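Colleague: This is a predicted model, with the sequence first.
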Amino acid sequence: MNQEPMPTNTPVWKGVIREIRPKQWVKNVLVTAGPLAAATLFQPSVALSTLIAFICFCLIASAVYLLNDLIDIEADRAHPVKRFRPIAAGIVPIPTAIVLAILFLVSSIALAVLTQRWQLAVVLLVYAAIQIAYCLKLKHIAVLDMAIVSSGFLLRAMAGGVAAGIVLSPWFLMVASFGSLFMVAGKRYSELHLIGKGEKKTRKTLEAYSLSYLRFVWGIAASGLVVFYCLWAVGIGGAAHGLFPQLSIIPFLIAILRYAVDIDRGAAGEPESVVLGDKALIVLGLLWLALFSIGAVMQ
């Protein structure tokens, strides 16, 4: 991801905003997945719980971004792109970054506890522990790095349902798991693909991967994702008016194939940008959402 340099006289607050990466918060919309799958998202109590889960993940994810940049400050300063990160560039003082990281982390857990959503607090603590381990060591270990990043997407997908007290379907968890791996493997493939075109290497673990291996991984992940989604949709389709979830397989499959095109040409390095920037994917997503939601509501 390219970073535009910030002037050295940039106010600290502007550097902080860049450091907490608000553009990445779009990933946290995944907290709606569980309630949406259970067709309860628009119930007031569930909507409130989902909103709290979203806020908690925005806070804790920003804490992790700050922590990661604090740990990598020396390496970032030697990097041609990452040296523009506000902490590495000296725009955000190290003490300020440490205080903010702790504040965001504590605030996230406290919000879940104070609203009596204990299960959400547990999910957040698990996420924090995994991500801290990732920042300190595990991001340098091939395969484990993909598994941990995938777990971040999975925990987000679980969070909304857990916060609202919804029992998550095993099919939902399988779809979320393989979907997460599909996106992460595609992201790594795109990063390595760009290196072959002369781009700078941004991850040490990329040295351990080849394009053929990453294609193998995202191919397996895509296959598992489609198979488990079809089984899930057909299972829902066993109920009355079950045609709609079965029909949702069509836009779902086309969207996966469409996203795979972006992976294959090395353009999926930032999944959220791909999804939001592709009008066809947005239309397919809305069509899928309509069909799946109607089917779930009519069960």
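Modeller: Thanks, I have the structure now. Numbering: from 1, shown residues only.
Colleague: Going by contacts, tell me the helices and strands next to the worst-scoring helix or strand of the chain on mean pLDDT.
Modeller: Least confident element among the helices and strands of the chain, by mean pLDDT, DSSP states H and E: helix 271-277 (a mean of 78). When contacts are defined as 3 or more Cβ pairs under 8 Å, 6 or more residues apart in numbering; DSSP states H and E, helix 271-277 sits against helix 170-195, helix 249-264, helix 279-297. Just so you know, the C-beta spots here come from the backbone N, C-alpha and C atoms, and that holds for glycine as well.
Colleague: If we go by neighbour counts, what in that helix is buried?
Modeller: Residues 271, 274-275 are the ones in helix 271-277 that count as buried (16 or more other Cβ atoms under 10 Å).
Colleague: So which of those residues is the closest to Ser151?
Modeller: Among the buried residues of helix 271-277, Pro271 lies closest to Ser151 (Cβ to Cβ), at 15.4 Å.
Colleague: measure the closest one to Leu225 for me?
Modeller: 14 Å (Cβ to Cβ, to the nearest Å).
Colleague: Low-confidence stretches in this protein?
Modeller: Scanning the chain for pLDDT under 70 picks out 1-4, 8, 196-203, 236-242, 296-299.
Colleague: follow-up on the earlier one: looking at the helices and strands packed on helix 271-277, which is buried most?
Modeller: helix 170-195 (a mean of 22; mean count of other Cβ atoms under 10 Å).
Colleague: tell me the contacts of Val185?
Modeller: Residue 185: Ala, not Val. Each residue near Ala185 by Cβ atoms under 8 Å, 6 or more residues apart in numbering is listed here: 146, 214, 217-218, 221.
Colleague: out of these, which is most surrounded?
Modeller: The residue in the contacts of Ala185 with the most neighbours, by other Cβ atoms under 10 Å, is Trp218 (26 neighbours).
Colleague: Quick check: that one vs Ala112, distance?
Modeller: 33 Å.
Colleague: For this structure, which segments count as helices?
Modeller: For the chain, the helices defined by DSSP state H cover 12-19, 33-37, 44-71, 73-77, 94-114, 118-136, 144-163, 170-195, 211-236, 243-247, 249-264, 271-277, 279-297.
Colleague: same for the fourth one, what does it pack against?
Modeller: Right, the one you point to is helix 73-77. The helices and strands touching helix 73-77, judged by 3+ Cβ pairs under 8 Å, 6+ apart, number zero.
Colleague: Brilliant, that's me finished.
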